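S.K.: Predicted model and sequence below, questions to follow.
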Amino acid sequence: MAVKKIVMFPNEVLERSCETVTVFDKKLAKLLNDMYDTMIAFDGVGLAAPQIGIGKRIAVVDIDDEMGTIELINPILLSFSGEQIGPEGCLSFPGLYGEVNRPFSIKVQAQNRRGKTFILEAEDFLARAILHEMDHLDGVLFTSKVIRYLEEEELEGVES
């Protein structure tokens, strides 16, 4: 496993739609392991492949809850409901935080590292983290959705 370099904004790979993953092999498994190590090393709750310079539809999310690490390959948003406004940051925008409006509840279809399709339902902060990473796969950055930017003092005691 290896910690990869985080791609910082502005970089073209962050604003491009990613390619569908079609090969599920040891190389993909290694990439997922490296993405997890990188996310943890940089104290993130999610990481999308474009954030390490890879234009593939791959993301990992781990908000340190009972769900553990979630690997999303070729994720598709099936449904969403409700609304929540909360703080977000991004490893590709260090020190930048903003309030973003997102659905409260989501249902996502994705594939695991072996190519098996699964459906995941998530709410609240987990839904926010998953949607943030899925946006990366379409070249959408959280800064395009910020309602209001936040100062770091406003974040104390809040998950980011």
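M.R.: Structure's in. What do you need? Residues are numbered from 1 along each chain as shown.
S.K.: The longest strand along the chain pairs with which strands, and in what direction?
M.R.: Identified as the longest strand of the chain according to DSSP state E is strand 70-81. Partner strands for strand 70-81, per DSSP bridges, with pairing direction: strand 58-61 (antiparallel), strand 105-111 (antiparallel).
S.K.: List of residues touching that strand?
M.R.: Contact with strand 70-81 is made by 20-21, 24, 28, 32, 57-62, 103-113, 115, 119-120, 127, 130-131, 133-134, 137, as judged by Cβ atoms under 8 Å, 6 or more residues apart in numbering. Bear in mind the C-beta positions are built from the backbone N, C-alpha and C, glycine included.
S.K.: just the strands paired with strand 70-81: most buried one?
M.R.: Each of the strands paired with strand 70-81 was scored by mean neighbour count; the highest is strand 58-61, a mean of 28, by mean count of other Cβ atoms under 10 Å.
S.K.: how about the strands paired with strand 70-81 in CSV, adding distance to residue 41 and mean pLDDT?
M.R.: Shown next, in CSV, are these (distance: least, Cβ to Cβ, whole Å; pLDDT from 0 to 100):
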stretch, distance to residue 41, mean pLDDT
strand 58-61, 13, 98
strand 105-111, 24, 98
